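Novice: fold the following, please.
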Amino acid sequence: MTCIVGIVENEKVTIGCDSAGVDGLSLTVRDDKKIFRNGEFLIGFTSSFRMGQLLQYKLDPPKHHPDDDTFKYMVTEFIEAVRTCLKDGGFAEKEKEAEAGGTFLVGYKNRLFKIQGDYQVGESSHKFDACGCGEELALGSLVTSKDQSPEKRIKEALKAAETFSAGVAAPFHIETLT
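Specialist: You can find the predicted model right below:
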């Protein structure tokens, strides 16, 4: 279900999303967006609308102390707040003592992070990333569109994912964090 695409360019993070809500072979085009701001963060999610709702309305990101490295902050304090939020909201799952959440992109401090279901934090050296069932299609499109604006690149990547993935549907939404 879905395609979330993010790009870092000119000290800005731009994230775009589709509007598909998929359950098996059923598709609902949703009005509630898969991207939103939470304080200084721009978040685009896949996995579950419930997870996105918790991240948008329940997550209270901790203060980032100026002396702390941003990646370290994301891996430690930010992720601990996410884990607590998802557990308290009844979303996080536990199997064989391993905890699992969902996948989402986070724009923060002019950087783009990809949070995986095991709470791993990644940052692509390509300065763009994607997640969801249209991820590979979007990434392929992003590689071939380097001379275009971030908004145009994201739109084209989402269109490519929609064309070849049954789990991706317009309308598309794009937001930029400066």
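
Novice: show the average pLDDT along the longest helix anywhere in the chain.
Specialist: Counting by DSSP state H, the longest helix found in the chain is helix 150-164. Here helix 150-164 scores 98 as its mean pLDDT.

Novice: pLDDT of the following helix or strand past that helix, averaged?
Specialist: Counting by DSSP states H and E, the next helix or strand C-terminal to helix 150-164 is strand 173-177. Throughout strand 173-177, pLDDT has a mean value of 98.

Novice: and strand 173-177, what does it pack against?
Specialist: strand 12-17, strand 35-38, strand 41-45, helix 150-164 (3 or more Cβ pairs under 8 Å, 6 or more residues apart in numbering; DSSP states H and E). The way it works is simple: take the backbone N, C-alpha and C, and place the C-beta from them, glycine included.

Novice: change it to 6 Å
Specialist: In terms of contacts (3 or more Cβ pairs under 6 Å, 6 or more residues apart in numbering; DSSP states H and E), strand 173-177 is packed against strand 12-17.

Novice: run through who's touching the strand it packs on.
Specialist: With contact meaning Cβ atoms under 6 Å, 6 or more residues apart in numbering, strand 12-17 is reached by 4-7, 34-35, 42, 44, 105, 107, 112, 150, 154, 158, 172-174, 176-178.

Novice: the helix or strand of the chain with the lowest mean pLDDT pairs with which strands, parallel or anti?
Specialist: When each helix and strand of the chain is scored by mean pLDDT, DSSP states H and E, strand 93-95 comes last, with a mean of 77. Sheet pairing of strand 93-95 (DSSP bridges) gives strand 98-100 (antiparallel).

Novice: residue nearest the centroid of the protein?
Specialist: For the chain, residue 105 is the residue whose C-alpha lies nearest the centre (Cα atoms, centre = their mean; 2.5 Å).

Novice: now the strand or helix carrying that residue: average pLDDT?
Specialist: Applying DSSP H and E as the criterion places residue 105 in strand 104-108. Regarding strand 104-108, the rounded mean pLDDT is 98.

Novice: from the contact counts, what lies against that strand?
Specialist: strand 12-17, strand 41-45, strand 111-115.
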